[in-house]
Structures are given as structure tokens and as C-alpha cells.
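Student: Build me a structure from this.
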Amino acid sequence: MKYMLNNQLMCDVTFHVGTDKTPIKAHTYMLASSSPVFYSMFEGPLAEKGTVEIVDMEPEYFNMILQFIYTDKITVDSNNIRNLLYGSEKYMLQLLTDKCNAFLASNVNVDHACLVLQAAHDFNMEDLKTKVLNFIFINGIEVLDSKDSITLSAECIKLLLSSDKFRCEEEHIYQHMLQWGQHKCNDKSLPVTDENIRECLGDLLYLIRFPVMRPQYFTKEVSCKSLLTATEIVKVYQHFNFKTTDIFPSNKRISKIKIEIGLAKRRKQ
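Tutor: Sure, this is the predicted structure:
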């Protein structure tokens, strides 16, 4: 069957896939026998005949899914996981979904935690999302330094910044959010200015806990920029002088160092 597919022998359906409508041929009986979605596509009163438009997938990943249907074999990796997971759910290919889930569950580590979090969030995998969030909370700095952290959605960033369990210095979080905002500016073809970064951050700005930063750092790295308004800067300085701000959160996140010290004391006792 793989030979028949690869050599386009006796195919009876042609898919026009992706933005450039790449033609890909296959066999309806193979697809219909593996996927209830394909079965409905080719049988019944609204059955597709001859050609089918697939506009929401690129040819590379649609071909991978076809190869899996014909052979039950596939290599899932960090580059294709999101597209394969999307295709597996779209066409109700449970075995492929299981393989994608297994890959994600086995990659809850510093390098891939952000990738796993985004996928778990996008595809409503609540148990996996809880697992990876707990991992990220414990390994905050290392995870933020991973290459995938800059591509997290605003919704996932909010999950991290709103938690007291996120073990990361606020100064480090601020630097990451500047990079995240710069990345968003580039995505939107906006000049990378303080004002545009603020616009891209939106409400996420108010989850950065400026009042818990070291005053010297805030003065040198934050107050001299246009990211905050003059009023907001004054509010933070007032907090440094024991007047609580009502703009930014001022409670400290859980410190990894404090937890380790606490454990050491209990062991001695």
C-alpha cells in the first residue's frame, strides 16, 4: 500500500493542499477505513468526488499523515508535533493522537517545556498542562531561557506570570518580557520601540511585579525607558518607600533558595 501511494497507482482522489494547492493523490478506501472523518467525506449525500480542498494544512504534514494511515509508522518531533496533533484531531486518528501525546508527555524538560505547554493549552490537554506548568514553576529561569519561550502565546505567558509559584527573579522575568514584546513587534511589522512593546504586552505588563525588583535595577533598567508611564514609575518608587501600589502586584514569588533552606533546616531537626 505504501508503494501504491508513493507511486500514485490507482488513486481515486486528489487533494489540493495548502496555500499553493499542491496536488496529492490517495485511495479513498484506505482513508475511509482509518478515519471516520474521511469516511463521511467520501460517503453519503454530501460526499466529495474526485478532488478535495485542504486549505488548513501544508503538504509536508498532510503527506506525513497519509504515510501514517498507510503504514502506522511516523516520527514525531518538536518540529512537526503541533501540525500532526492538529491533523490527528481533525481526522480523528486516535493512534496518531496517542503517539503525539506520548511525545509531549516524555518531553516535559527544560528545552521543550514551553512547546509542551503551548500544545497542551491549544488542544485542551488539561492533565498534561497541569504537569508541565508545575515543572515550569519549579524551573522558571531555565525554562524562560529556552528558545521556545519567546513563542509562547499571551494566554500561556499569563498562566506563568500570574502564579506565585513561578520560581524566577522578577528582573529576569522583565528581561524576558522585553524580548517577548520585541518578538511580537517583529511579527506585526512594528518598529521595536518602548511604546510598541508596551502595546504588544497589553495586560501582561501588569503581571510583572515591578515593586519587588531591586530599586537600583528598577532605576537603571526600567525607569529610564518609556515602557511605563510617569505615574506608574512614581507608584513603584512610592512602594519602595513603604506606600503600597495599587497598579502592580507587590507580593514576592516563591523563592527556590528559601525552599531549599527550609528543607535543610527540617533535615537538621
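
Student: switch to C-alpha atoms for all contacts and neighbour counts from now on
Tutor: OK.

Student: gap between the helix or strand hosting residue 157 and the chain center?
Tutor: Using DSSP states H and E, residue 157 sits in helix 154-161. Offset of helix 154-161 from its chain centre (Cα atoms, centre = their mean, to the nearest Å): 10 Å.

Student: And what about the spatially closest residue to residue 183 that is not a sequence neighbour, helix, strand or coil?
Tutor: Once flanking residues are discounted, residue 183 sits nearest to residue 150: 7.1 Å by Cα to Cα, 6 or more residues apart in numbering. Following DSSP: H, G, I helix; E, B strand; the rest coil, residue 150 is assigned to helix.

Student: Which positions in the longest helix seen in the chain come out as buried?
Tutor: Scanning the chain for the longest helix, with DSSP state H as the assignment, gives helix 170-187. Within helix 170-187, the residues scored as buried using 16 or more other Cα atoms under 10 Å are 170-171, 173-174, 176-178, 180-185.

Student: any chance of the residues you listed in CSV, plus distance to residue 13 and pLDDT?
Tutor: Below are those laid out as CSV (distance: Cα to Cα, whole Å; pLDDT from 0 to 100):
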residue, distance to residue 13, pLDDT
170, 56, 95
171, 57, 96
173, 51, 96
174, 53, 97
176, 48, 96
177, 48, 96
178, 49, 96
180, 44, 96
181, 45, 96
182, 45, 96
183, 41, 96
184, 41, 96
185, 43, 96
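
Student: Residue 23 is in what secondary structure piece?
Tutor: Using DSSP H and E, residue 23 falls within strand 22-26.

Student: So which residue is smack in the middle of the chain?
Tutor: By Cα atoms, centre = their mean, the chain has its centre lying nearest to residue 118, at 2.4 Å.

Student: That one against residue 152, yeah?
Tutor: Yes - if you go by Cα atoms under 8 Å, residue 118 and residue 152 touch, sitting 6.4 Å apart.

Student: just the strands in the stretch 1-150 of the chain please.
Tutor: Here the stretch 1-150 of the chain has its strands, by DSSP state E, counting those that start in this stretch, at 13-17, 22-26, 51-54.

Student: quick one: the last one to chain centroid distance?
Tutor: Read it as strand 51-54. For strand 51-54, the distance to the chain centre is 29 Å (Cα atoms, centre = their mean).

Student: next one: stretch 220-236
Tutor: Using Cα atoms, centre = their mean, the mean C-alpha position of stretch 220-236 is found 30 Å from that of the whole chain.

Student: With stretch 174-189 instead?
Tutor: 15 Å.

Student: can you check stretch 219-229 too?
Tutor: Using Cα atoms, centre = their mean, the offset of stretch 219-229 from its chain centre is 29 Å.

Student: okay, now residue 1: neighbour count?
Tutor: 12 (other Cα atoms under 10 Å).

Student: now it: how far from residue 181?
Tutor: As judged by Cα to Cα, to the nearest Å, residue 1 and residue 181 stand 49 Å apart.
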